[in-house]
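1. no sequence on this one, just coordinates:
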């Protein structure tokens, strides 16, 4: 659903290429997966498959869901649950539930207001919003689109252009973002065969990665990066955009980013091994995010829910642990928290919500998830988030005949 580029403040009806947002979603969407099913019907084939597909054989994409089905809840009964509360605290900030929107780029491909729409839905839901460095609305536009009290964090990659990396961090802090995600699993992007087959190797005009349009940097023109991420030299778009990233990173770079971050918390996103969790904390990380990029990076690696327990054991409560990749149900949230996460994020479902019905649909999606969390808590005998303990879950290694695997028609 391609949308013309416009200011976040513009309030006009936009006709999108090939599809219209569907205001009938409240009668068709009853859970998070329903939004993907409806979005599949509405979006152009190449865009849907860009959003829904994973890398290579999509083993990890599928495993992210399968693995949650191998963990089972152990409900307790005859406990007071008359005052269920999903509210929790995340890095000193009170949020309405232990769910946040993970940073993911190019929201304007699904909604004319892009990330500005998403941050408004997060403000309404009172949850954290993560803005991707590869957003289609700028750091400053998104900051201005929601009330100042909205919990906004900025996600960054380390670029070959260190001056630009530093400038982006400083712009985010100046605009009022109160935390940073540093993505460390993307020195190169996973190969997305769906994009190559569909010829999706550049952003459709007039969309841009607007955070790179920084004319304040001498000898770093915006067009120079535009020519990189939209070069069309490679068959898939992400293989063009990865050319901007620094590939010779070390743990010393965490300390460099931490110095630029100042007093705001820094979460290292993309940790999948306990050894790296320990190194991240030693380098100064204020938090760990267990993530495999939604199955879009290294195919054949562990699901995040299976990677979480040994990481939580090593971290041992020293810093908060976040998790994304595969979250679709309220019961998924409880399982992740029982295994050591403080909160969980999701990215793909947000795109499908935007495609289906913009801000209202994303808000509706979040409310459905909140309802599922509340119901699961009550049935498990849990009245508040702090009551969730490791005893809530048990693992059953079993063969599943099938697992929900929604993506392209490839």
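-> Now that the structure is in, tell me what you want to look at. Just so we're clear, the structure is a prediction, and the values are computed from it rather than from any experiment.
2. Which residue lies closest in space to residue 172, excluding its sequence neighbours?
-> In this structure, residue 172 finds its nearest non-sequential neighbour in residue 154, 3.7 Å apart by Cβ to Cβ, 6 or more residues apart in numbering. The C-beta positions use only the backbone N, C-alpha and C, and glycine is treated the same way.
3. Let me know the secondary structure of the one you found.
-> strand (DSSP: H, G, I helix; E, B strand; the rest coil).
4. shouldn't it be in contact with residue 170?
-> No: between residue 154 and residue 170 there is no contact under Cβ atoms under 8 Å: 10.6 Å.
5. quick one, which of these two is more surrounded?
-> residue 154 (29 against 13; other Cβ atoms under 10 Å).
6. Counting neighbours, what do you get for the closest residue to residue 46 other than its chain neighbours?
-> Nearest residue to residue 46, sequence neighbours excluded (Cβ to Cβ, 6+ apart): residue 198, at 3.9 Å. When neighbours are defined as other Cβ under 10 Å, residue 198 has 21 of them.
7. Report pLDDT for residue 198.
-> As predicted, residue 198 sits at a pLDDT of 95.
8. residue boundaries of the strands in the protein?
-> 71-73, 88-90, 93-95, 99-101, 129-131, 152-156, 180-183, 266-271, 287-290, 321-323, 343-346, 393-395 (DSSP state E).
9. Turn the ones you listed into CSV, including mean pLDDT and distance to residue 79.
-> Converted to CSV, the strands of the chain look like this (pLDDT from 0 to 100; distance: least, Cβ to Cβ, whole Å):
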stretch, mean pLDDT, distance to residue 79
strand 71-73, 98, 14
strand 88-90, 98, 19
strand 93-95, 98, 24
strand 99-101, 98, 23
strand 129-131, 98, 34
strand 152-156, 98, 35
strand 180-183, 98, 36
strand 266-271, 98, 33
strand 287-290, 98, 29
strand 321-323, 98, 26
strand 343-346, 96, 23
strand 393-395, 96, 17
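10. who wins for proximity to residue 249 among the ones you listed?
-> Closest to residue 249 of those is strand 180-183 (Cβ to Cβ; 9.9 Å).
11. what about the closest one, distance to the chain center?
-> For strand 180-183, the separation from the chain centroid amounts to 11 Å (computed by Cα atoms, centre = their mean, to the nearest Å).
12. And stretch 383-391, by the same measure?
-> Mean-position distance between stretch 383-391 and its chain equals 24 Å (Cα atoms, centre = their mean).
13. Between the two ends of it, what distance do you get?
-> Taking Cα to Cα, to the nearest Å as the measure, stretch 383-391 stretches 15 Å from start to finish.
14. which residues of the stretch 1-150 of the chain fall in helices?
-> Assigned helices in the stretch 1-150 of the chain, in chain order: 32-42, 45-52, 59-68, 115-125, 139-145 (criterion: DSSP state H, counting those that start in this stretch).
15. tell me the most buried of those?
-> helix 115-125 (a mean of 25; mean count of other Cβ atoms under 10 Å).
16. That one vs strand 152-156, what angle?
-> 140 degrees (axes from the mean of the first three to the mean of the last three Cα atoms, to 10 degrees).
17. which residues sit against helix 115-125?
-> 8, 96-97, 100-101, 107-108, 111, 128-129, 131-132, 135-137, 141-142, 145-147, 149-152, 350, 353-354, 358-359, 362-363, 366-367, 370 (Cβ atoms under 8 Å, 6 or more residues apart in numbering).
18. Swap in 7 Å and give it another go.
-> Here helix 115-125 makes contact (Cβ atoms under 7 Å, 6 or more residues apart in numbering) with 8, 96, 101, 107, 111, 128-129, 131, 135-137, 141-142, 145-147, 150, 152, 350, 354, 358-359, 362-363, 366.
19. List only those of those flagged as buried.
-> 8, 101, 107, 111, 128-129, 131, 135-137, 141-142, 145-146, 150, 152, 350, 354, 358-359, 362-363, 366 (16 or more other Cβ atoms under 10 Å).
20. I'd say residue 382 and residue 376 touch.
-> No: contact criterion Cβ atoms under 7 Å: residue 382 and residue 376 do not qualify, at 8.2 Å.
21. the more surrounded of those two?
-> Taking neighbours as other Cβ under 10 Å, residue 382 and residue 376 compare with residue 382 leading, 24 against 21.
22. Tell me who's in contact with the more buried one.
-> Contacts of residue 382 (Cβ under 7 Å, 6+ apart): residue 388.
23. switch the cut-off to 10 Å
-> Neighbour list for residue 382: 75-76, 79, 81, 84, 334, 337-338, 373-374, 376, 388-389, 392 [criterion: Cβ atoms under 10 Å, 6 or more residues apart in numbering].
24. Relative to residue 292, which of the residues you listed is nearest.
-> For those, the nearest to residue 292 is residue 337 (18.8 Å; Cβ to Cβ).
25. what about that closest one, how many neighbours?
-> Residue 337 has 25 nearby residues by other Cβ under 10 Å.
26. which ones are touching the residue nearest to it when sequence neighbours are not counted?
-> Ranked by Cβ to Cβ, 6+ apart and with sequence neighbours excluded, the top spatial neighbour of residue 337 is residue 388, at 4.7 Å. Contacts for residue 388 were tallied using Cβ under 10 Å, 6+ apart; they are 88, 98, 333-339, 341, 377, 380, 382.
27. What pLDDT is listed against residue 388?
-> Confidence score, pLDDT, at residue 388: 98.
28. How much space separates it from residue 376?
-> 10 Å (Cβ to Cβ, to the nearest Å).
29. same question, residue 273
-> 30 Å.
30. same check, this time on residue 170
-> 42 Å.
31. swap in residue 141?
-> 37 Å.
32. before we move on, what about residue 118?
-> 25 Å.
33. which ones are touching residue 238?
-> 50, 55, 134, 186, 188-192, 195, 200-201, 229, 296-297.
34. what's the closest of the residues you listed to residue 256?
-> Nearest to residue 256 among those is residue 186, at 17.3 Å by Cβ to Cβ.
35. I figured that closest one hits residue 157, correct?
-> Yes: assessed by Cβ atoms under 10 Å, residue 186 is found in contact with residue 157 at 6.2 Å.
36. Common neighbours of the two, please.
-> Common contacts of residue 186 and residue 157 (Cβ under 10 Å, 6+ apart): 241-242, 245.
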